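A.B. asks: only geometry, no sequence info:
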């Protein structure tokens, strides 16, 4: 074999070897690219899930502020001679409280059963006739401001009433029933009882809270949809 042919064969062998090495490098690069891509994808999913979790927590906090955990309240029994009956009442469930000068009646949007079982009721009489409104409100809402006094004989839940220019609070239509006609329109008392500035400030806080909760709900929906799409595409954690 001539020197030229030998050199030619050697060159071809070297080229084939380089091509083989190149294929191996390409495969390695593809593996690395897939690995990096998967990491980036998982980071993206983590970010979505983190945003989703944050939204869930924020929404739960907003819900808790608007509807705190229930309180245990003793109310009067229907029959004389019976001891007080314990009920678990959510603050948001209270529409209004009306006093006849002594007894205080709680009107609820949804009926509740006694803690130990029994008949559901949507109108309960507070167990302590000697308790004034300040004591009753302190037990039901602590330092909260869901329930506000609007007269010497009435307390309303500002989530369930609209203020009318004629000096009345009107119960929202969705909560009006034949059983609560007497609280569907409640007249505002003197300025010494009803603090209009405090009421307006609380309304502003409520609307702000609702807006934030709505925004978080939208974020939760978008995050949930994004995760579902990735799942359908078969992308995500190995």
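C.D. replies: Thanks, I have it. Fair warning: this is a prediction, and the values are worked out from it, not measured in the lab.

A.B. asks: can you list the strands that the helix or strand encompassing residue 163 pairs with?
C.D. replies: Assigned by DSSP states H and E, residue 163 falls within strand 161-164. Strand 161-164 has these partner strands in its sheet, going by DSSP bridges: strand 168-171 (antiparallel).

A.B. asks: in the strand it pairs with, what's buried?
C.D. replies: 169-171 (16 or more other C-beta atoms under 10 Å). Where you see a C-beta, it was placed from the backbone N, CA and C, and this is true even at glycine.

A.B. asks: following that strand, which helix or strand shows up next?
C.D. replies: strand 185-187.

A.B. asks: list the contacts of that next one.
C.D. replies: 96, 150-151, 154, 156, 161, 167-171 (C-beta atoms under 8 Å, 6 or more residues apart in numbering).

A.B. asks: direction included, what does that strand pair against?
C.D. replies: Strand 185-187 has these strand partners (DSSP bridges): strand 168-171 (antiparallel).

A.B. asks: which non-adjacent residue is nearest residue 121?
C.D. replies: Leaving aside its sequence neighbours, residue 121 sits nearest to residue 111 (C-beta to C-beta, 6 or more residues apart in numbering; 5.6 Å).

A.B. asks: what distance do you get for that neighbour to residue 99?
C.D. replies: 21 Å (C-beta to C-beta, to the nearest Å).

A.B. asks: of those two, who's got more company?
C.D. replies: residue 99 (18 against 13; other C-beta atoms under 10 Å).

A.B. asks: show me what contacts that one?
C.D. replies: Neighbours of residue 99 in contact, by C-beta under 8 Å, 6+ apart: 105, 133, 152-154.

A.B. asks: part of a strand, is residue 87?
C.D. replies: Yes. Per DSSP: H, G, I helix; E, B strand; the rest coil, residue 87 lies within a strand segment.

A.B. asks: that one touches residue 117, doesn't it?
C.D. replies: No. Using C-beta atoms under 8 Å, residue 87 is not in contact with residue 117; the gap is 11.4 Å.

A.B. asks: mind jotting down where the strands sit in this structure?
C.D. replies: With DSSP state E as the criterion, the chain has strands at 71-75, 85-89, 94-99, 104-112, 121-125, 147-151, 154-157, 161-164, 168-171, 185-187.

A.B. asks: please point out which parts of the longest one sit buried.
C.D. replies: Judged by neighbour count (16+ other C-beta under 10 Å), strand 104-112 contains these buried residues: 104-109, 112.

A.B. asks: if we can go back for a sec, adding mean pLDDT and distance to residue 198, write the strands of the chain out as CSV.
C.D. replies: Output for the strands of the chain, formatted as CSV (pLDDT from 0 to 100; distance: least, C-beta to C-beta, whole Å):
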stretch, mean pLDDT, distance to residue 198
strand 71-75, 87, 22
strand 85-89, 90, 23
strand 94-99, 94, 18
strand 104-112, 93, 21
strand 121-125, 92, 26
strand 147-151, 89, 7
strand 154-157, 92, 13
strand 161-164, 87, 13
strand 168-171, 92, 14
strand 185-187, 93, 17
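
A.B. asks: before I go, just wanted to say thanks for your time.
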